[in-house]
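*Asks:* Could you look at this predicted model? Sequence included:
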Amino acid sequence: MAKDMPHHSLQRVEDAPLLTGRGQFFDDLPVPQGTLHAAILRSPHAHAHLRAIRADAARRLEGVHTVLTGEDYASVAAPLMVGVKLPIECWPIARDKVRYSGEPVAVVLAEDRYTAEDALDLIEVDYDMLPVVLDPVQALAADAPVLHDKMGGNLGSDRQFSYGDPEAAFAAADKTIAMSVRYPRNSCTPIETYGVLAQWDPHGQCFDVTANFQGPFSIHPVIARALKVPGNRLRLRTPEDSGGSFGVKQGVFPYIALLGACARIADRPVKWVEDRLEHLTASVSSTNRAITLRAAVQNDGRITALDYDQIEDVGAYLRAPEPATLYRMHGNLCGAYDVANLAVRNRIVMTNKTPTGLNRGFGGPQIYFALERLMQRIASELGLDPIDVIRVNLIPTEAFPYKTASGATYDSGDYVQAFETALRDGRYRDLVAHRDKMRAAGKMYGIGLTVAVEPSVSNMGYLSTVLTPEERAKSGPKNGAQSSATVHIDPVGTITVQLDSVPQGQGHRTVAAGIVAERFGLPATSVTVIAAMDTSKDAWSIAAGNYASRFAGASAGAVCVAADRLRDRIARIAAAQLNAKPDELSFEDGKIFVTGNPDAALPFARVASAAHWAPATLPELDGSPIRETAIWTAPELAAPNDADEINSSLCHGFIFDFCGVEIDPDTYAARVDRYLTMHDCGTILHEAMVEGQIRGAFAHAIGAALYEEYAYDEDGAFLAGTFADYPVPTVHEIPALEIHHICTPSPLTPLGAKGVGEGNCMSTPVCVANGIADALRPSRGEVDLTLPLSPARIAAFMPDEPEAPEGLEKPRETGGKGLSGKGEARVGASPQEIWDLLMDAEQLAAIIPGAHGVKRLSPTRFLADVTLGVGPVKGRYRVDVALSNLDEPRSAVLNGKASGALGTGAGSGTVTLRPDATGGTIIGYAYEASVGGKVAAVGGRLLDGAAKIVIGQFFAALGRKAGDTAPRQGRLARLRALFGGAS
């Protein structure tokens with residue numbers, strides 16, 4: 001496909017099996033005989049010493065093969081490599097200490113997953129609690145809790161960069177304008193979670209692992225080193241189908257190491273599939289970042305210098321490939337603007353949160369949220385139209401290829417044309433008029449604007465920018481972005497293509513088939529594309545995989561190069577038979593013919609198969625006409641130089657977005673009224689798939705802008721473990737999207753294509769935020785915004801609500817961790833009879849929901865073994881309850897604590913017993929409790945509902961045990977009593 005050819009869209013070849021239920025996702029794959037199933041016990045605490053793990057009861061459970069701990073792992077495997085040389089060890093399972101809620105503590109291997117899950121409840125772990133630190137800025141304080149003792153603090157890296165002369169630019173500026181922002185943690189939540197099947201061959205001393213890992217395959221040597229085998233003894237396979245990734249499935253690699261070690265110890269295959277709660281709680285997410293950004297500005301809005309101070313929270317460990325999120329955009333810190341002077345300070349900090357990793361758009365949302373919020377602030381403070389501030393700073397057309405201050409080369413573009421075209425064709429003036437009309441009617445309406453550069457095809461050397469030039473000199477240069485593809489012609493002239501990318505639903509097979517079919521003049525049905533990866537037989541490099549929007553530029557480019565080489569050889573074979581020159585031939589409709597003379601033709605299959613059937617008849621060629629593996633890389637991707645300049649990506653697309661946003665005056669919900677996005681992604685290889693990528697990234701970005709955030713309690717408990725508390729937008733919440741394009745093909749990729757899979761994840765969150773800020777400006781002035789912009793966050797900028805009328809109780813606040821309630825229940829027995837029941841351990845065992853037994857340790861202390869379920873979480877707990885302030889038979893105070901595989905809890909409550917007029921008893925209760933671990937992750941709504949249900953069940957059982965003779969209630973009345981009795 002030539003760079004100047006119009007794009008076309010083939011019908012997707014991936015869809016039919018997926019739509020008919022015949023996809024082969026990880027959990028659909030067959031497993032070897034004797035496979036054990038793993039379940040992982042995770043810490044309910046964010047920071048604690050591990051004092052003891054007692055697993056004998058779990059090991060004795062029928063069907064359990066073994067229980068493994070961090071010490072077992074360490075007996076056969078090593079810690080994972082750390083992204084920056086630090087005095088820390090990054091184990092895939094905790095040993096002496098846990099550092100985040102959800103960190104693996106033990107692994108149960110059993111004959112089936114159900115048994116393994118049951119066994120988790122029987123493992124007892126003693127923790128010594130430690131203070132936690134969750135905020136990256138607070139983690140830098142001298143008195144902050146330290147995660148890794150040998151580090152002496154939580155700062156993993158501190159690098160400063162200077163390009164041009166930023167000090168002089170700030171000194172000469174008309175004004176300095178600054179903004180501090182926080183970008184939160186969020187994730188893209190693929191529909192399919194992690195999956196690993198690990199096998200150990202004791203004879204070959206090698207591992208065979210199947211996992212839905214997406215790459216980059218630079219992680220392969222990390223896993224091999226952890227498992228203590230050479231790279232050629234770690235066979236890593238990925239399935240053909242994947243239920244999405246968006247970067248997240250890079251984070252499966254610690255579990256590959258963990259389950260590989262389990263398979264070696266057990267000497268049996270081991271399979272593990274992550275559940276949704278595990279995925280939200282403990283898989284990777286994007287980094288949260290604190291950024292202070294200053295701009296040196298002239299009175300006309302022109303920026304002469306930028307100064308970034310970035311504090312990156314990578315969680316409990318600096319796990320590979322981090323600090324990728326911080327440095328992936330290093331060459332693009334000035335965005336689409338012509339800024340010659342740049343100062344940067346990058347700090348990497350560890351906190352008691354899950355380690356971070358790749359996430360769609362990684363690095364881009366954080367950078368553009370700061371930069372584009374600052375652009376709006378500049379316009380406001382200077383009294384300028386934001387459009388004019390953008391216009392005066394855009395890189396001029398004649399400047400391309402453009403080198404940024406920090407070293408990136410923007411390969412092609414016409415940002416001015418794209419900007420002006422979008423304003424004109426997108427009817428921007430009409431949107432301004434609509435905003436003015438809405439404001440005149442008293443509505444809160446604003447316009448958001450964003451421009452962004454979307455990098456793609458990452459330079460594998462950008463990560464080494466975190467090192468000083470001296471450190472890089474010692475470790476050796478790292479750079480490039482190799483991509484490989486194999487094209488094979490079989491004996492009947494049909495073609496098979498092997499990719500080095502691992503698609504996660506984007507449609508790579510369709511695009512690759514179209515590229516190859518076009519070159520050979522064949523229907524796409526004559527080309528089969530294999531997207532599954534097997535490192536033991538397929539061509540790959542450390543850059544292989546599906547990330548950084550590299551398919552269109554790199555992987556598809558390698559397919560193009562391999563196909564072109566084979567085509568040239570086949571053309572030489574045909575030319576000898578047609579008495580023509582190779583460059584005089586055309587490939588079309590399954591034939592090879594002399595251009596301008598279609599009658600001088602040969603069937604493609606006959607010519608192509610000659611290398612199989614009659615190799616002695618072929619002319620001398622520079623390679624095989626049967627099979628070609630192309631390994632392509634771009635020389636423009638050099639290692640960082642001594643000035644710390646880095647061309648961090650090969651290709652650079654352009655995005656300009658604008659939107660209209662209205663804020664509801666009653667609910668304070670933000671509604672995106674209109675949204676337009678303009679893209680330049682170079683040559684479009686498949687129109688429908690480009691649109692799908694843009695719309696998919698937009699959907700993720702709407703979630704980041706308005707709904708999604710990983711929330712933690714002050715003790716590090718994760719509070720967003722279900723989609724009830726981590727609300728992902730559905731089709732009903734995603735606004736209509738208007739898409740526009742211009743095309744400036746990349747001169748650096750074989751097809752002229754650039755990446756387009758991440759762009760709106762970078763541009764849309766800040767565009768929506770700018771729209772909300774503009775809507776608030778007339779009444780509230782300039783505001784500092786934090787994502788997601790939920791109604792509650794927007795309400796914080798509104799005038800205080802009037803006080804509730806006297807006598808009306810203010811509704812209590814319920815968080816994902818704290819619980820409180822009070823209520824009454826009536827039973828048909830006297831207070832003394834009820835008191836006696838509550839003091840009898842055997843009777844309590846029959847009354848308490850889910851109780852397996854109750855022991856009376858003293859007259860005022862009980863120990864119960866119970867199983868409780870909260871939404872998707874069900875587990876076994878040891879509950880220790882102590883009684884005090886006894887006033888028989890009228891009242892008592894209960895204090896208790898619970899611990900189990902799924903979390904912890906503690907609380908206190910008061911029970912009162914008073915007789916009623918009919919001889920029965922009215923039981924009053926009030927309680928306050930807190931929970932941690934998986935239970936806390938299910939969130940406030942489910943916890944409150946579950947508490948009411950359990951309390952209702954307890955009093956119903958108490959009444960039955962006491963011989964309640966109260967009249968039988970109807971179903972509606974019973975439901976009211978059950979759900980309404982607790983408040």
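*Replies:* Looks like it arrived, so ask away.

*Asks:* Does the spatially most central residue of the chain belong to a helix, a strand or coil?
*Replies:* By CA atoms, centre = their mean, the chain has its centre lying nearest to residue 187, at 3.5 Å. Classification of residue 187 by DSSP: H, G, I helix; E, B strand; the rest coil places it in coil.

*Asks:* Strands of the stretch 401-550 of the chain, start to end?
*Replies:* 402-403, 409-410, 444-458, 483-489, 495-499, 527-530, 533-534 (DSSP state E, counting those that start in this stretch).

*Asks:* Which one of those lies nearest to residue 624?
*Replies:* strand 483-489 (9.5 Å; CB to CB). The C-beta positions use only the backbone N, C-alpha and C, and glycine is treated the same way.

*Asks:* any idea how far the closest one is from the chain center?
*Replies:* Relative to the chain's own centre, strand 483-489 is displaced by 31 Å; criterion: CA atoms, centre = their mean, to the nearest Å.

*Asks:* Quick check: can you name the pairing partners of it and their directions?
*Replies:* strand 495-499 (antiparallel), strand 627-632 (antiparallel) (DSSP bridges).

*Asks:* Quick check: mean pLDDT of it?
*Replies:* The average pLDDT within strand 483-489 is 97.

*Asks:* got a list of contacts for it?
*Replies:* For strand 483-489, the external contacting residues (CB atoms under 8 Å, 6 or more residues apart in numbering) are 495-501, 512, 516, 538-541, 543-544, 550, 554-555, 557-559, 561-563, 566, 570, 608-609, 611, 625-633.

*Asks:* For the residue nearest to residue 150 when sequence neighbours are not counted, pull up the helix or strand it's in.
*Replies:* Using CB to CB, 6 or more residues apart in numbering and skipping the chain neighbours, the partner closest in space to residue 150 is residue 87 (4.0 Å). Residue 87 belongs to no helix or strand when elements are defined using DSSP states H and E.

*Asks:* same question, residue 634
*Replies:* Using DSSP H and E, residue 634 sits in no helix or strand.

*Asks:* and residue 116, what does it touch?
*Replies:* Contacts of residue 116 (CB under 8 Å, 6+ apart): 37-39, 64, 108-110.

*Asks:* Can you read off the pLDDT for it?
*Replies:* Value for residue 116, per-residue pLDDT: 98.

*Asks:* Just the buried ones among the contacts of strand 483-489, please.
*Replies:* 495, 497-501, 512, 516, 538-541, 543-544, 550, 554-555, 557-559, 561-563, 566, 570, 608-609, 611, 625-633 (16 or more other CB atoms under 10 Å).

*Asks:* ok, back up a step: and the nearest residue to the residue nearest to the centre of the chain once chain neighbours are set aside, how far is that from residue 589?
*Replies:* Spatial nearest neighbour of residue 187, excluding adjacent residues (CB to CB, 6+ apart): residue 285 at 4.1 Å. From residue 285 across to residue 589, the span is 51 Å (CB to CB, to the nearest Å).

*Asks:* So for the two, which sits in the more crowded spot?
*Replies:* When residue 285 and residue 589 are compared for neighbours, residue 285 comes out ahead with 26 against 12, by other CB atoms under 10 Å.

*Asks:* what residues are up against that one?
*Replies:* 185-187, 248, 354, 356-357, 359, 710.

*Asks:* can I get the residues you listed in JSON lines with distance to residue 821?
*Replies:* Formatted as JSON lines, the contacts of residue 285 follow (distance: CB to CB, whole Å):
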{"residue": "185", "distance to residue 821": "30"}
{"residue": "186", "distance to residue 821": "31"}
{"residue": "187", "distance to residue 821": "32"}
{"residue": "248", "distance to residue 821": "37"}
{"residue": "354", "distance to residue 821": "31"}
{"residue": "356", "distance to residue 821": "36"}
{"residue": "357", "distance to residue 821": "39"}
{"residue": "359", "distance to residue 821": "37"}
{"residue": "710", "distance to residue 821": "27"}
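
*Asks:* Write the PyMOL selection for whichever of the residues you listed are buried.
*Replies:* Remark: buried members of those, expressed as a PyMOL selection using 16+ other CB under 10 Å:
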select buried, resi 185+186+187+248+354+356+357+359+710
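
*Asks:* coming back round to it: pretty sure the residue nearest to the centre of the chain sits against residue 709.
*Replies:* No: applying CB atoms under 8 Å, one finds residue 187 not in contact with residue 709, separated by 9.9 Å.

*Asks:* Just give the number of residues close to the closest residue to residue 204 other than its chain neighbours.
*Replies:* Counting by CB to CB, 6+ apart, residue 204 lies nearest to residue 233, which is 7.0 Å off, once chain neighbours are set aside. Counted by other CB under 10 Å, the residues lying close to residue 233 total 16.

*Asks:* pLDDT wise, what is residue 233 at?
*Replies:* pLDDT, residue 233: 98.

*Asks:* Spit out the contact partners of it.
*Replies:* If you count contacts by CB under 8 Å, 6+ apart, residue 233 has them with 204-207, 224.

*Asks:* Between the residues you listed, which sits nearest residue 460?
*Replies:* residue 224 (17.7 Å).

*Asks:* what's the helix or strand for the closest one?
*Replies:* helix 219-226.

*Asks:* Do you have the strands of the stretch 101-250 of the chain handy? List them.
*Replies:* Going by DSSP E, counting those that start in this stretch, the stretch 101-250 of the chain shows strands at 104-110, 124-129, 155-163, 175-183, 195-201, 206-211, 234-238.

*Asks:* Return the most buried member of the ones you listed.
*Replies:* Of all the strands of the stretch 101-250 of the chain, strand 104-110 carries the top mean neighbour count, a mean of 26, counting by mean count of other CB atoms under 10 Å.

*Asks:* Please state the offset of that one from the chain centre?
*Replies:* 24 Å.

*Asks:* With stretch 829-842 instead?
*Replies:* On CA atoms, centre = their mean, the centre of stretch 829-842 falls 52 Å from the chain's centre.

*Asks:* tell me which residues in that stretch are buried?
*Replies:* 829-831, 833-835, 837-839.

*Asks:* closest one to residue 912 among the strands of the stretch 401-550 of the chain?
*Replies:* strand 444-458 (49.4 Å).

*Asks:* Output the contacting helices and strands for the closest one.
*Replies:* helix 364-382, helix 386-393, helix 428-440, strand 649-663, helix 759-780 (3 or more CB pairs under 8 Å, 6 or more residues apart in numbering; DSSP states H and E).

*Asks:* Using PDB, write out the CA atom coordinates for that strand.
*Replies:* Output of strand 444-458 as PDB, limited to C-alpha atoms (Å, rounded to 0.1, in the frame of the first residue of the first chain):
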ATOM      1  CA  MET A 444     -23.500  26.600  33.400                       C
ATOM      2  CA  TYR A 445     -22.000  25.800  30.100                       C
ATOM      3  CA  GLY A 446     -18.400  25.800  29.000                       C
ATOM      4  CA  ILE A 447     -16.000  24.900  26.100                       C
ATOM      5  CA  GLY A 448     -13.000  22.800  26.500                       C
ATOM      6  CA  LEU A 449     -10.000  22.800  24.100                       C
ATOM      7  CA  THR A 450      -6.900  20.500  23.900                       C
ATOM      8  CA  VAL A 451      -4.100  19.900  21.400                       C
ATOM      9  CA  ALA A 452      -1.800  16.900  21.800                       C
ATOM     10  CA  VAL A 453       0.900  15.000  20.100                       C
ATOM     11  CA  GLU A 454       0.300  11.200  20.100                       C
ATOM     12  CA  PRO A 455       3.700   9.300  20.000                       C
ATOM     13  CA  SER A 456       3.900   5.800  18.700                       C
ATOM     14  CA  VAL A 457       6.500   3.100  18.100                       C
ATOM     15  CA  SER A 458       8.500   3.700  21.300                       C
END
